[in-house]
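J.: Here is a sequence with its predicted model. Questions after.
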Amino acid sequence: MSIEVTAVSKTFGDSVVLRDVSLVVPDGELAAVLGPSGSGKTTLLRIVAGLDQPDPGRGTVRLDGEDVTDTPPGQRRVGLVFQHYALFRHMSVFENVAFGLRVLPRAGRPSASDLRERVTRLLHLVQLDGLAGRYPHQLSGGQRQRVALARALAIEPRVLLLDEPFGALDARVRQELRRWLRRLHDELHVTSILVTHDQDEALEVADRVVVMNAGAIEQVDSPDDVFHRPRTEFVVNFLGAVNRFAGQAQHGRVTFGSIALPHDHALEGHARVFVRPHDFELHAAPNGHPGVTATVLRVHSAGPSVRVELLAVSGETLTVEVSHEVQRALDLRRGRMVVATPRRIQVFAGPPRTDAW
Amino acid sequence: MKRPSALPGFGLTLGCALSYLGLVVLIPLSALFVKAATLTPARFWLSISDARVLAAYRLTFGAAFAAALVNAVFGFLVAWMLVRYDFPGRRLVDAIVDLPFALPTAVSGIALTTIYSSQGWIGRFLEPLGIKTAFSPTGVALALTFVGLPFVVRTLQPVLQDLEPELEEAAASLGATRWQTFARVLLPAILPAVLTGAGLAFARALGEYGSVVFISGNMPMQTEITALLIVTRLEQYDYAGATALAAVMLVASFAVLLTINGLQWWSARRHGQAA
Amino acid sequence: MTTRRPLTEPAWARRIVMGIALAFLGAFLVVPLVAVFVEALRRGVGAYLDSLADGAALHAITLTLVTAAIAVPLNLVFGVAAAWALAKFDFTGRSVLIALIDLPLAVSPVISGLVFVLLFGRQGWLGPWLASHDLQVIFAVPGIVVATTFVTVPFVARQLIPLMQAQGTGAEEAAAVLGAGGWQTFRRVTLPNVKWALLSGVILCNARAMGEFGAVSVVSGHIREQTNTMPLHVEILYNEYNFVAAFAVASLLAGLAVLTLAVKTVTEWKSS
């Protein structure tokens, strides 16, 4: 059951929330739509769900080839999971999950025993056996979200749409549920879209990541590609920490700070250079390696890797990530002089930006 | 959260408040029960159960119940409209819902009587249809509906406001029609609040006097409310009889309020939060 | 930020709901209110003004104003004191105290008058003592004032308590640490934060004080030009079939009600 969004635009009042957005999610894939608040990702999801419509004449939504742009949500057979669960408080877990089956038109409604069997099976799938008689307020956040998922799956949806499903949960529960969702998806293969602003979540769970910004899609790629081969500046900045430099590109080389590196982009003129913290190598200074000479300002070593803040002689501050071995080897501490050599850089055209960097 | 008593004025304010309350509210109220206790059980029972009194109970409780029911249904519609729909003049309509709280009962009493009398603004249309409103139990119910109108609306508005739109969206995505969403999801969620509001309206209507005594006609055994019977007995210097009746009314009011509290507590337990 | 609108019912259903709701409000609220003014002016402005200038009417107006002028400030002070004690401190019996404050609202107005007859009437607890000192409470002005005060006890407190509770003690504690005394803290820190709720409470208290009928009817004795408040005067005029005069005096009270609603709406708007 593939999802095809074609040239969708959406305006609310004066603000343009989606600009001519097109997206294809192939059958069986889990796509994560990632972006900051206001990027339009939730609106996109709601349009796929049928809770909102594109501006008249501005775009279509197709589910498995069928045009559903004007179909109401109840007839699209989509499963929806919300950030705050939206469970029916006055109904038990069983009744919540059974809801979609109970409201079917008489003809299609399952018998009582059939319904019970299906609900029990679903509760087993989400690992909530035995909780059928409980009420939502008696459950933990993680349990509630699993009930919401079972409820959405009860109607055997063509696609599953999740709007920041783990946003309201504690960090640890979030991680557990994230992994569990991925395993569930591997088992069921329901085409899914997951909206999130948490990049770790998107990168860990998804088959493909859709990065959105200000109503438009910046990049659609596998998690690996989006992180290591960002196509736009926004993607570099959004995914993970990054160091920025103003530089010049000329004849296949790019210079910034005191570094000159070959770069095979056909770029000329001003350049903006991005280097991720873990893409720097640190060496004791002085040495012959090309790099930025800098003094160590602070060392944060409480964690799986060591984060080092450096002050370059040219005045910029850098953040570099190294292993504990390197920290020991170089005896990194405040005041040490080191040379930071970039191993991998991303370069984009344009003069240095003075706005929010 | 335990707050330290670092702030000044606790003793002074609590002391003042308690003494004032005791003097103005508690001592006078206790006079009622003391007086009621001076009656022998036999006399007490007679006082509160003769035919005229029973007729008054039937009318008062019946009309108050009917009024509460009407207010539950129409008050729900009003609250729904004020919360869900946007229309010019909505603020004005919202403000006017509180009129029964602000308007003196005597004023509403004479206004309603004039409107529903046989030549009245509305009465003249109902008379030919055989519907007698003024000077009948129906008139009493109408007056009590006026008095209790704000209760359901004001109790429901915050509850409706706080209903997450996601609930309806979830129901819709699961295939429910608008009516199914309303009947299975929304109505059960707001029912406790409707009952609370109706209960408050009912309690208020039980003791209402000013709005009713003009429109009812005050005919013993037919359109005499309990409150009027108390006044009548007082005018005849039957203090004991009046007190006995008052005690019954108070107990009834408290019973209703306790039921409402019980309902809210039960609802909180069952659904995990207040109605 | 995208705006989320709840799914809604079809237009025809919306229109029906609105139609019924507005018709209901119109019939029960608007028509009576309008009727008061129309009936008051039925014989023209001249007759209207004459009714208000009548001696008995003027006396009733004066008595009503005096009663309110005593009851409202008393309950204002009580309301502030109770709200301070309840909102800024934690102590056992808080919920009992709140329930007690609400008591007058749960009691029928007639009973509110009855208890004072039992207390101060000739056969009441203090009856003999009052008689021997040649003092009269029941069937005299003091009785009216006392009954009105009883009935309006909760109004200011009920507006203040939830608000002050929600506002917590942070600001006041900061002031105390900076050295401010109790009264100073109240005047400069608490009061500005609750002024709209306070105004709302006072205006509601006043509306009830001036409009109270049942309780006052029981204690007053209905003596013309002595113990008649405006609502009682309305009753007398109406029972004498003097409809225009009754509605004329009633229109003053109705005007007060409209003013009360207006002020209440403004305070709600200002405090949000």
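T.: Good, I have the coordinates.
J.: CA only for contacts and neighbour counts going forward, please
T.: Noted.
J.: Give me the pLDDT for the most centrally placed residue in chain C.
T.: Chain C has residue C:208 as the residue nearest its centroid, 2.3 Å off, counting by CA atoms, centre = their mean. Here, the pLDDT recorded for residue C:208 equals 95.
J.: Show the contacting residues for it.
T.: Residue C:208 is in contact with B:102, B:104, C:152, counting by CA atoms under 8 Å, 6 or more residues apart in numbering or on different chains.
J.: Just the buried ones among those residues, please.
T.: Buried members of the contacts of residue C:208, counted by 16 or more other CA atoms under 10 Å in any protein chain shown: B:102, B:104, C:152.
J.: so what does the helix or strand encompassing residue B:144 touch, helix or strand wise?
T.: Mapping residue B:144 onto the secondary structure by DSSP states H and E places it in helix B:137-162. On a contact count with 3 or more CA pairs under 8 Å, 6 or more residues apart in numbering or on different chains; DSSP states H and E, helix B:137-162 meets helix B:51-84, helix B:99-102, helix B:105-116, helix B:187-207, helix B:210-216.
J.: Helix B:187-207 and that one, what's the angle between them?
T.: In terms of direction (axes from the mean of the first three to the mean of the last three CA atoms, to 10 degrees), helix B:137-162 departs from helix B:187-207 by 140 degrees.
J.: List the buried residues for helix B:137-162?
T.: B:137-157, B:159-160.
J.: and the residue of the stretch 101-250 of chain C found nearest chain A, how many neighbours?
T.: For the stretch 101-250 of chain C, the residue positioned closest to chain A under CA to the nearest CA is residue C:166, at a distance of 24.5 Å. Per other CA atoms under 10 Å in any protein chain shown, the neighbour tally for residue C:166 reads 9.
J.: quick one: contacts of whichever strand or helix holds it?
T.: Under the criterion DSSP H and E, the helix or strand holding residue C:166 is helix C:154-167. For helix C:154-167, contacts defined as CA under 8 Å, 6+ apart pick out C:75-76, C:78-80, C:82-84, C:86-88, C:101-105, C:194, C:197-198, C:200-202, C:204-205.
J.: Same list, those, but only the ones touching chain B.
T.: Among the contacts of helix C:154-167, the ones lying near chain B by CA under 8 Å from any CA of the partner chain are C:78-79, C:82, C:84, C:88, C:101, C:103-104, C:204.
J.: Show me which of the residues you listed are buried.
T.: Burial by neighbour count, 16+ other CA under 10 Å: within those this picks out C:78-79, C:82, C:84, C:88, C:101, C:103-104, C:204.
J.: unless I'm mixing things up, residue A:88 is touching residue A:97, no?
T.: No: the pair residue A:88 and residue A:97 does not pass the contact test of CA atoms under 8 Å, sitting 9.8 Å apart.
J.: between those two, which one's more packed in?
T.: Looking at residue A:88 and residue A:97 with other CA under 10 Å, you find the greater number of neighbours at residue A:97, namely 29 against 25.
J.: confidence score at the more buried one?
T.: Model confidence at residue A:97 (pLDDT) stands at 96.
J.: Please give the number of neighbouring residues around the closest residue to it other than its chain neighbours.
T.: The shortest distance from residue A:97 to any residue other than its chain neighbours is 4.0 Å, reached at residue A:151 (CA to CA, 6 or more residues apart in numbering or on different chains). Under the neighbour criterion other CA under 10 Å, residue A:151 is assigned a count of 29.
J.: go on, residue B:85?
T.: By other CA under 10 Å, 12 other residues sit near residue B:85.
J.: The one 3 residues further on now?
T.: Residue neighbour count, defined by other CA under 10 Å, stands at 7 for residue B:88.
J.: and it, which of the three is it?
T.: Classification of residue B:88 by DSSP: H, G, I helix; E, B strand; the rest coil places it in coil.
J.: interface residues of chain A facing chain C?
T.: For chain A, the contact set with chain C under CA under 8 Å from any CA comprises A:12, A:17, A:37-38, A:43, A:51.
J.: neighbours around residue B:15, how many?
T.: Other residues within reach of residue B:15, judged by other CA under 10 Å, total 15.
J.: Which of the helices or strands spans it?
T.: Using DSSP H and E, residue B:15 sits in helix B:10-21.
J.: by contact count, what packs against that helix?
T.: Counting contacts by 3+ CA pairs under 8 Å, 6+ apart, helix B:10-21 packs against helix C:55-88.
J.: what comes into contact with the helix or strand that comes right after the helix it packs on?
T.: Secondary structure here is assigned by DSSP H and E; on that basis, the next helix or strand after helix C:55-88 toward the C-terminus is helix C:94-101. By CA under 8 Å, 6+ apart, the surrounding residues in contact with helix C:94-101 are B:21, C:86, C:153-154, C:157.
J.: again, only this time at 10 Å
T.: Residues outside helix C:94-101 that contact it (CA atoms under 10 Å, 6 or more residues apart in numbering or on different chains): B:14, B:17-18, B:21-22, B:25-26, C:79, C:82-83, C:85-87, C:93, C:102-103, C:153-155, C:157-158, C:161.
J.: Low-confidence bits of chain A, can you list those?
T.: A:264-265, A:352-357 (pLDDT under 70).
J.: cool, chain B as well?
T.: Counting by pLDDT under 70, the low-confidence segments of chain B come to B:1-6, B:272-275.
J.: Run through the residues of it sitting next to chain A.
T.: Taking CA under 10 Å from any CA of the partner chain as the criterion, the neighbours of chain A within chain B are B:164-178, B:180-181, B:184-186, B:188-189, B:267-273.
J.: gap between the closest residue to residue C:248 other than its chain neighbours and chain B?
T.: Leaving aside its sequence neighbours, residue C:248 sits nearest to residue C:40 (CA to CA, 6+ apart; 4.6 Å). Distance, residue C:40 to chain B, by CA to the nearest CA, to the nearest Å: 11 Å.
J.: buried set for stretch C:255-272?
T.: Residues of stretch C:255-272 classed as buried under the neighbour-count rule (16+ other CA under 10 Å) are C:256-258, C:260-261, C:263-265, C:267.
J.: I'd like the residues you listed as a markdown table, with secondary structure, pLDDT and distance to chain A appended.
T.: Formatted as a markdown table, the entries for those read as follows, by DSSP: H, G, I helix; E, B strand; the rest coil; pLDDT from 0 to 100; distance: CA to the nearest CA, whole Å:
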| residue | secondary structure | pLDDT | distance to chain A |
| --- | --- | --- | --- |
| C:256 | helix | 95 | 41 |
| C:257 | helix | 95 | 39 |
| C:258 | helix | 96 | 37 |
| C:260 | helix | 95 | 37 |
| C:261 | helix | 95 | 34 |
| C:263 | helix | 94 | 33 |
| C:264 | helix | 92 | 32 |
| C:265 | helix | 92 | 29 |
| C:267 | helix | 91 | 30 |
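J.: Please, where are all the helices along the stretch 251-357 of chain A?
T.: A:324-330 (DSSP state H, counting those that start in this stretch).
J.: buried subset of the contacts of helix C:94-101?
T.: Taking 16+ other CA under 10 Å as the criterion, what is buried in these is B:14, B:17-18, B:21, B:25-26, C:79, C:82-83, C:85-87, C:102-103, C:153-155, C:157-158, C:161.
J.: packing partners for the helix or strand hosting residue B:30?
T.: With elements taken from DSSP H and E, the one containing residue B:30 is helix B:27-37. Using 3 or more CA pairs under 10 Å, 6 or more residues apart in numbering or on different chains; DSSP states H and E, the elements in contact with helix B:27-37 are helix B:239-271, helix C:109-120.
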